[in-house]
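Visitor: Got a predicted structure here, sequence first:
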Amino acid sequence: MARILVVEDEEKISRFVEMELRHEGYETGKAQDGLTGLEMAESGDYDLMILDIMLPGINGLEVLRRLRKTSEMPVVLLTARDAVMDKVSGLEMGADDYMTKPFAIEELLARIRVALRKVEKSRKQGPVKNTLSCGDVVMEPDARGVTVRGTEVNLTAREFDLLKALIENKNIVLSRETLLNRVWGYDYFGETNVVDVYIRYLRHKIDDAFGISFINTVRGVGYIVKDA
């Protein structure tokens, strides 16, 4: 069964929530201030945290901000009835849900179940790869990998960035100036034909190597890759 951390400085609320969670079969832990709650959350011993915003030491939003640097553990915030900005800030910082005090324990339990199901579903699906594709070319930006028809292609960092700019804007003609700014930066003062030089490098490694016409020149304008 899931382990839930309750970070709440009001003893009556904390004790009540803890008893209800245990009745539902959850294992629980408690903290009554922000620093202790953060330390317990970062221990990795819990699957979900119920986090009050108004806490001694550091408040719940700061606890959440620090926690999100190292953990994606689900967090359900407890907020005051009229604390609209706290709710907005909490969700933007990565809270999964929030409850407004006073709350019905049945609703809190339901939201906990939903949050835990999302985590379980994500674990079963595994990590989702971030990929870009155009025709036979597939890129993995995070791993900085490129394959053409399943065969790996070794690119330099600049070649990779240029290809990425083209594929991110596939079916759109990009001028040399646009590519120069996106790949080399606005403060580049080198040779103005550097884009053409690197396009030739890419064509040698992709078009020529695989017998395809991938990077196309639009005379007088720039370059385009098409997803067809």
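Guide: Perfect, thanks for sending it.

Visitor: Buried residues in the helix or strand bottoming out on mean pLDDT in the chain, which are they?
Guide: Scoring the helices and strands of the chain by mean pLDDT, DSSP states H and E places helix 84-93 at the bottom, with a mean of 82. Residues D86, K87, S89, G90, M93 are the ones in helix 84-93 that count as buried (16 or more other CB atoms under 10 Å). (Each C-beta comes from the backbone N, C-alpha and C, glycine too.)

Visitor: I206 and L21: what is the separation?
Guide: 56 Å (CB to CB, to the nearest Å).

Visitor: Tell me the gap between stretch 69-79 and the middle of its chain.
Guide: From the chain centre to the centre of stretch 69-79 is a distance of 14 Å (CA atoms, centre = their mean, to the nearest Å).

Visitor: Oops, could you answer that again for stretch 169-179 instead?
Guide: In terms of CA atoms, centre = their mean, the centre of stretch 169-179 is found 27 Å from the chain centre.

Visitor: same thing with stretch 56-69?
Guide: 19 Å.

Visitor: shaky segments in the protein?
Guide: Within the chain, the segments meeting pLDDT under 70 span 81-82, 125-129, 186-192, 228.

Visitor: Where do the strands of it begin and end?
Guide: In the chain, the segments counted as strands under DSSP state E are 3-7, 27-31, 48-52, 75-79, 97-100, 132-134, 137-140, 145-148, 151-152, 174-175, 215-218, 222-225.
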